[in-house]
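Enquirer: Could you work out the structure for the sequence below:
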Amino acid sequence: MTQRFSGKVVALTAAASGIGLAALERFAAEGAMICASDISLEALKTAVAPLALPEDRLLLRECDVTDIGQVQSFIDDGVRRFGRLDVLVNNAGTGALAYVTELDQEAWHKVIAVTLDSVFYACRAAMPHLARTQGAVVNTASISGLFGDNGLFAYNAAKGGVVNLTRALAVDHAPENVRVNAVCPGLTATPRTAWMMEDTEIRAEYDRRLPMGRPGTPDEMAAAIAFLASSDASYITGVNLAVDGGLTAATNQPAFGRLRKQ
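Expert: Here you go, the predicted model:
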């Protein structure tokens, strides 16, 4: 494993499982000092314990990303502890499966708050520190922010906001040499998507539609996040990178080539 982040400080939200935890592990393996948060501090402590990171490389905080004060404190604590901030990874998100006539106001606002407001709050808190280090932001968006889904309109709206917020912040802060990018995962095998993997009908649909024939892994998403955060991507900003096994490369028309051979 390379040491691209040796001496660097990385802050991550929603880091106790899935893509967030995989990203934490990747940055730690590449030498970073880690400032990580999650809604459950106990879950976060349990998740990172196997890494056995020394105390001088790790700070864990409980943080409700829908609370601007808690997000500000999380960023401030990290900078106070490590003296700098080089990378911010905004990973929190949630969805609601419903049609527009079915979703109540409270559920709508929760999806927007967790998924979109949290990115604004963290970027607002972190940007002055990132400007000093000429750092980078990587947001976890989604292919659902690039296109619409059936029954996921609130999630589509929130992730679409993350996609365009990423572009806008990239433009605003390029003069400060702060890069802002996002990964847009497709189906990824995490605890949150386990119900999809266990539903034979849904899994069969994905198997049919995915050109690579399988879901992505959290480690594959983490690799893309680390790339966008690293100096290897030094001239890349404002990009929303689809990491989806080719799903959004397809028109979803019939598989003419295979059908012709039958």
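
Enquirer: Okay, now the unreliable bits of the stretch 151-262 of the chain?
Expert: Segments of the stretch 151-262 of the chain classed as low confidence (criterion: pLDDT under 70) are 259, 261-262.

Enquirer: ok, which stretches of it are helices?
Expert: 153-173, 194-198, 200-209, 218-229, 256-261 (DSSP state H, counting those that start in this stretch).

Enquirer: hey, which of those helices is tucked in deepest?
Expert: Among the helices of the stretch 151-262 of the chain, helix 218-229 has the highest mean neighbour count (mean count of other Cβ atoms under 10 Å), at a mean of 22. C-beta coordinates here come from the backbone N, C-alpha and C atoms, glycine included.

Enquirer: of the helices of the stretch 151-262 of the chain, which approaches residue 188 most closely?
Expert: In terms of Cβ to Cβ, the element of the helices of the stretch 151-262 of the chain nearest to residue 188 is helix 218-229, at 5.8 Å.

Enquirer: Other residues contacting that closest one?
Expert: Helix 218-229 has contacts (Cβ atoms under 8 Å, 6 or more residues apart in numbering) with 4-5, 10, 18-19, 21-23, 25-27, 30, 87, 89, 136, 138, 140, 179, 181-183, 185, 188-190, 233, 236, 239, 241, 243.

Enquirer: Would you verify that residue 36 is located in a strand?
Expert: Yes: the assignment for residue 36 is a strand, going by DSSP: H, G, I helix; E, B strand; the rest coil.

Enquirer: Find the residue closest to residue 29 in space, skipping its chain neighbours.
Expert: residue 1 (4.8 Å; Cβ to Cβ, 6 or more residues apart in numbering).

Enquirer: just to revisit the earlier point, the contacts of helix 218-229, buried ones only, as a PyMOL selection?
Expert: Selection of buried members from those for PyMOL, criterion 16 or more other Cβ atoms under 10 Å:
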select buried, resi 4+5+10+18+19+21+22+23+25+26+27+30+87+89+136+138+140+179+181+182+183+185+188+189+190+233+239+241+243
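
Enquirer: Could you list which of the contacts of helix 218-229 belong to strands?
Expert: Using DSSP state E, the members of these that fall in strands are 10, 87, 89, 136, 138, 140, 179, 181-183, 185, 241, 243.

Enquirer: Pull the contacting residues for residue 185.
Expert: 19, 140, 142, 143, 216, 221, 243, 244.

Enquirer: now swap in residue 21 and tell me
Expert: In this structure, residue 21 makes contact with 15, 47, 48, 218, judged by Cβ under 8 Å, 6+ apart.

Enquirer: So the third one: helix, strand or coil?
Expert: In other words, residue 48. At residue 48, secondary structure determined by three-state DSSP is helix.

Enquirer: you'd agree it is up against residue 59?
Expert: No: counting by Cβ atoms under 8 Å, residue 48 does not reach residue 59; the two are 10.8 Å apart.

Enquirer: what's the overlap in contacts for these two?
Expert: Shared contacts of residue 48 and residue 59, counting by Cβ under 8 Å, 6+ apart, come down to residue 36.

Enquirer: Relative to residue 136, how far out is residue 174?
Expert: With the distance defined as Cβ to Cβ, to the nearest Å, residue 174 ends up 12 Å from residue 136.

Enquirer: Just the C-alphas of stretch 154-162, formatted as PDB.
Expert: Listed in PDB are the C-alpha atoms of stretch 154-162, where the atom choice follows Å, rounded to 0.1, in the frame of the first residue of the first chain:
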ATOM      1  CA  ALA A 154     -36.400  12.300  -2.100                       C
ATOM      2  CA  TYR A 155     -33.100  10.500  -2.300                       C
ATOM      3  CA  ASN A 156     -32.800  11.500  -5.900                       C
ATOM      4  CA  ALA A 157     -33.400  15.100  -5.000                       C
ATOM      5  CA  ALA A 158     -30.900  15.100  -2.100                       C
ATOM      6  CA  LYS A 159     -28.100  13.300  -4.000                       C
ATOM      7  CA  GLY A 160     -28.800  15.500  -7.000                       C
ATOM      8  CA  GLY A 161     -28.200  18.400  -4.700                       C
ATOM      9  CA  VAL A 162     -24.900  16.900  -3.600                       C
END
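
Enquirer: Fine by me, we can end here.
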